[in-house]
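Engineer: Got a predicted structure here, sequence first:
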There are 2 protein chains.
Amino acid sequence: MLKAKVYVSLKKTVVDPQGLAVKNALKSLNYEQEVEEVRVGKLIDIKLNISDKEKAKQIIDQMCKKLLSNPVIEDYSFTLEEVKESN
Amino acid sequence: MLKAKVYVSLKKTVVDPQGLAVKNALKSLNYEQEVEEVRVGKLIDIKLNISDKEKAKQIIDQMCKKLLSNPVIEDYSFTLEEVKESN
């Protein structure tokens, strides 16, 4: 069984209102000096019933393109790791 | 300059409606066989004006507890990496 961790984040050129909101909230908690920039993205954990890593890579890549990310404004990356079958 | 990647995800015992929605969407894209479970979390990138890793660790940990995660239902983890100053 494989577990994919998919990271989806806005492209650098795209304005990120959620990130700005978090930055402002951190400012009001007195972290103004420390924080330079905040950007918020998504982390999608997918447990796969596949043991072949190459096949899993292809499938996750398709999923990212079709559903998990919007390729116009977002970038994605993912990692695959083996997990033990849980009963 | 340091960059923190903060991963916030729902605790395992907490129902994740967003994850279920993604799972169902993947089902309708004919990935029913392959997908076992989907859970959706947040990925927060923070650029810090700090060079001391220990201090950065403490500050990010405080931020997670105060603002970035809800410790009742969410777990968080983070990594720190050095980045070049961009002008």
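Structural biologist: Looks like it came in fine.
Engineer: check contacts around residue A:71.
Structural biologist: Residue A:71 is in contact with residue A:65, counting by CB atoms under 8 Å, 6 or more residues apart in numbering or on different chains. In short, each C-beta sits where N, CA and C put it, glycine included.
Engineer: For it, report the pLDDT, please.
Structural biologist: We have a pLDDT of 94 for residue A:71.
Engineer: so what's the backbone phi/psi at it?
Structural biologist: Dihedral angles phi and psi of residue A:71 (degrees, to the nearest 10) take the values phi -60, psi -10.
Engineer: Quickly find the element holding residue A:23.
Structural biologist: Element membership for residue A:23 (DSSP states H and E) is helix A:17-26.
Engineer: Identify each buried residue in that helix, please.
Structural biologist: Burial within helix A:17-26, assessed by neighbour count using 16 or more other CB atoms under 10 Å in any protein chain shown, is assigned to A:19, A:22-23, A:26.
Engineer: burial of the residue lying closest to residue A:22 once chain neighbours are set aside, as a residue count?
Structural biologist: Spatially, and ignoring its direct neighbours in sequence, residue A:22 is nearest to residue A:38 (4.7 Å; CB to CB, 6 or more residues apart in numbering or on different chains). Look at residue A:38: counted by other CB atoms under 10 Å in any protein chain shown, it has 23 neighbours.
Engineer: Can you name the residues that contact residue A:38?
Structural biologist: Each residue near residue A:38 by CB under 8 Å, 6+ apart is listed here: A:16, A:19-20, A:22-23, A:26, B:44-47.
Engineer: Good, wrapping up.
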